[in-house]
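Undergrad: structure for this input, please:
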Amino acid sequence: MINARSLALQVLLSWHRTGTYPDQLMRDWLAKNPRIRSVDRSLVYQLVYGVLRWQGKIDWTLKQFSQIALEKLSLRTLFILRLGVFQLLMLSRIPVSAAVNESVKLAKSGPEPWTANFINAVLRSLDRGRDGLSFPSREDPVSYLAVNYSHPVRLVEHWIAVFGFEKTLALCDFNNQIPPYTIRVNTAKITRPQLIKRLEPKALGVEVTPFSTVGIRLEKPKRPLIEDDLHQQGFFQIQDEASQMIAPILAPRPGERVLDLCAGAGGKTGHLAQLMKNQGNILAVDLHPKKIKALMENAERLGFNIIQCLAGDGLKEDLFSEAAPVFDRILIDAPCSGWGVMGRNPDLKWRIGPEDGTRLAQRQNKFLQNGAGWLKSKGVLVYCTCTLNREENQEVIQNFLLKNPEFLLENVSSFLPDTARGLIDRQGCYQTWPPTHRMDGFFAARLRKTG
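TA: This is a model prediction of the structure:
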């Protein structure tokens, strides 16, 4: 029978080979292995995200004890070692014997059983020599942050150049913290005070979010929120507070025709329907059929029937026919580098580098340009990302406005609660900074079509 460690190994290997999001891989694997105990399911998540979060520091540690260069190891052997080091150094509740012995068992059960002795030697040597571990000091700022805070060198170098050392340190540190559990109340079914009262017995702490008027933060829920009966009944959507502010910036009205481009699994789509009081029409578009399927399931769970779905590519100008009616409002949640959500998705820092910004910005400009053609006169378009990269945020908007003088940039302040005024930049755009605001890093610009 498959156990937590072997399942975590399979997820990490699949992630590295396919690029599929780890959370999706874990859901798929756990669905295939429903008999895994709840405590083991939790350990799978802890191991996978722990290794991805601390991979840089783990590899630095391994290099001090492995007689073989990490680049020469097979992918399977390397990830078994990474799992072992994470358990030895960062999971105090797991005995050394369990961390080492289970790693050896993983090696013996795979296609390279001869690596078991090597893995055993490395991990036991590390356990004996852990007090002598050395790490870079602040005298070398890039290495200090890249190793001690486990981020790629190229990303640290870029962030220091853009944000400075102290802000980069704060960002790297925030990315290594386990993100809070945050949900959005489905006010179509329940009020925030009512939901808080029903959630209080289910978590160590329950409190309102400081900025979003429909958000709740939970501390140490007793069971996964996605499995909770209140979630299954559609009383809430799991959604970070920063993301909860996007739909109010678009401010859709009941009866309008709205396009949600790059809708994903529909976290913001459901919020749009909520603000529209389930009156009107929302067309949610995404390229990936799996996400469309999840979106439709979310819409049904939340109780909204105004959401229609289309599997399509927003980069194609002919996504809609010329005879198709235009939209009153459009939300473009553009695919981006994800600098603002690396705490929640640590795999991103190992897959996307600063050099990807230009490529992504070109695609984002195309999404915006296409959206402009599908918007009615006097209509509103909101462009948002979950990155902190100016090249994908402010510069995309500046470029768009230069090419499209019929659009005006509107200040978002009047669409957000007074408590959120500190989240608005000098141009009137929405921008959060994770270490300061204790939530994901988001950007949003509100554009109105005058012609």
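Undergrad: okay, now the unreliable bits of the stretch 351-451 of the chain?
TA: Scanning the stretch 351-451 of the chain for pLDDT under 70 picks out no residues.
Undergrad: now do the strands in it.
TA: 375-385, 407-410, 430-431, 443-449 (DSSP state E, counting those that start in this stretch).
Undergrad: and those strands as JSON lines, adding mean neighbour count and distance to Pro289?
TA: From N, CA and C alone the C-beta is placed, and that goes for glycine too. Output for the strands of the stretch 351-451 of the chain, formatted as JSON lines (neighbours: other CB atoms under 10 Å; distance: least, CB to CB, whole Å):
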{"stretch": "strand 375-385", "mean neighbour count": "21", "distance to Pro289": "23"}
{"stretch": "strand 407-410", "mean neighbour count": "16", "distance to Pro289": "32"}
{"stretch": "strand 430-431", "mean neighbour count": "24", "distance to Pro289": "30"}
{"stretch": "strand 443-449", "mean neighbour count": "24", "distance to Pro289": "27"}
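Undergrad: longest helix of the protein?
TA: Using DSSP state H to define each element, the chain has its longest helix at helix 38-63.
Undergrad: centre of the chain to the one helix or strand in the chain whose mean pLDDT sits lowest, how far?
TA: Here the helix or strand of the chain ranked lowest by mean pLDDT, DSSP states H and E is helix 22-32, holding a mean of 86. Centre-to-centre, helix 22-32 and its host chain are 16 Å apart (CA atoms, centre = their mean, to the nearest Å).
Undergrad: next, the buried residues of it.
TA: Residues 22, 24-26, 29-30 are the ones in helix 22-32 that count as buried (16 or more other CB atoms under 10 Å).
Undergrad: ok, now stretch 150-157?
TA: Buried residues in stretch 150-157 (16+ other CB under 10 Å): 150-152, 155-157.
Undergrad: so how far is Ala420 from Gln232?
TA: 30 Å (CB to CB, to the nearest Å).
Undergrad: which of these two has more neighbours?
TA: Ala420 (21 against 10; other CB atoms under 10 Å).
Undergrad: look up the closest residue to that one, ignoring the ones flanking it.
TA: Computed as CB to CB, 6 or more residues apart in numbering, the closest residue to Ala420 that is not its neighbour in sequence is Phe211, at 4.7 Å.
Undergrad: residue contacts, the one you found?
TA: Residues counted as contacts of Phe211 (CB atoms under 8 Å, 6 or more residues apart in numbering) are 241, 245, 416-417, 419-420, 423, 437, 439.
Undergrad: contact partners for the spatially closest residue to Lys366 that is not a sequence neighbour?
TA: Using CB to CB, 6+ apart and skipping residues adjacent in sequence, the residue nearest Lys366 is Leu315, 5.2 Å away. Leu315 is in contact with 363, 366-367, 370, counting by CB under 8 Å, 6+ apart.
Undergrad: any idea which element Leu218 lies in?
TA: strand 215-221 (DSSP states H and E).
Undergrad: three-state assignment of Leu310?
TA: strand (DSSP: H, G, I helix; E, B strand; the rest coil).
Undergrad: tell me the contacts of it?
TA: 283-285, 292.
Undergrad: nearest to Thr77 among those?
TA: Each of those was checked against Thr77 using CB to CB; the closest is Ile292, at 38.0 Å.
Undergrad: quick one: average confidence on the helix or strand harbouring the closest one?
TA: Counting by DSSP H and E, the element that carries Ile292 is helix 289-302. Taken as a whole, helix 289-302 has an average pLDDT of 95.
Undergrad: any idea of the angle that helix forms with helix 22-32?
TA: 80 degrees (axes from the mean of the first three to the mean of the last three CA atoms, to 10 degrees).
Undergrad: buried stuff in helix 289-302?
TA: For helix 289-302, by 16+ other CB under 10 Å, it's 291-292, 294-296, 298-299, 301-302.
Undergrad: return the subset of the contacts of Leu310 lying in strands.
TA: 283-285 (DSSP state E).
Undergrad: so for stretch 102-118, first residue to last residue, what's the gap.
TA: 14 Å (CA to CA, to the nearest Å).
Undergrad: in it, which of the residues would be classed as buried?
TA: 102-107, 110, 115-116, 118.
Undergrad: and that stretch, what's its mean pLDDT?
TA: pLDDT averaged over stretch 102-118 gives 95.
Undergrad: off-centre distance for it?
TA: Worked out by CA atoms, centre = their mean, stretch 102-118 lies 33 Å from the chain centre.
Undergrad: likewise for stretch 397-406?
TA: Worked out by CA atoms, centre = their mean, stretch 397-406 lies 29 Å from the chain centre.
Undergrad: check which residues of that stretch are buried.
TA: 397, 399-401, 404.
Undergrad: closest one of those to Ala69?
TA: Taking the buried residues of stretch 397-406 together and measuring to Ala69 by CB to CB, the closest member is Asn399, at 44.1 Å.
Undergrad: right, and that closest one touches Asn365 too?
TA: Yes: under the criterion of CB atoms under 8 Å, Asn399 makes contact with Asn365 at 6.0 Å.
Undergrad: can you tell me which residues contact His151?
TA: His151 touches 56, 145, 172, 175, 349, counting by CB under 8 Å, 6+ apart.
Undergrad: those in strands, which ones?
TA: Using DSSP E, none of these sit in strands.
Undergrad: now those in a markdown table, with distance to Ile196 and pLDDT?
TA: Below are those laid out as a markdown table (distance: CB to CB, whole Å; pLDDT from 0 to 100):
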| residue | distance to Ile196 | pLDDT |
| --- | --- | --- |
| Gly56 | 39 | 97 |
| Leu145 | 38 | 98 |
| Cys172 | 33 | 98 |
| Asn175 | 29 | 97 |
| Lys349 | 34 | 95 |
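Undergrad: and which of the residues you listed is nearest Gly164?
TA: Leu145 (11.8 Å).
Undergrad: count of residues packed around that closest one?
TA: By other CB under 10 Å, 26 other residues sit near Leu145.
Undergrad: show me what contacts it?
TA: Here Leu145 is in contact with 151, 156, 160, 165, 168-169, 172 (CB under 8 Å, 6+ apart).
Undergrad: now do 10 Å
TA: Taking CB atoms under 10 Å, 6 or more residues apart in numbering, we find Leu145 in contact with 56, 136, 138, 151, 153, 155-157, 159-160, 165, 168-169, 171-173.
Undergrad: and those residues, which of them are in helices?
TA: Per DSSP H, the contacts of Leu145 map to helices at 56, 153, 155-157, 159-160, 165, 168-169, 171-173.
Undergrad: can you get me the start-to-end distance on stretch 398-409?
TA: Stretch 398-409: ends 10 Å apart by CA to CA.
Undergrad: I'd like the distance between Gln308 and Thr269.
TA: 10 Å.
Undergrad: intersection of neighbour lists for the two?
TA: 282-284, 299.
Undergrad: which single one of these is nearest to Phe79?
TA: So of the shared contacts of Gln308 and Thr269, ranked by how close each gets to Phe79 (CB to CB), first place is Ala284, at 36.0 Å.
Undergrad: the closest residue to that closest one other than its chain neighbours: neighbouring residues, count only.
TA: In space, and not counting its chain neighbours, Ala284 is closest to Ala263: 3.9 Å by CB to CB, 6+ apart. Using other CB under 10 Å, Ala263 has 26 neighbouring residues.
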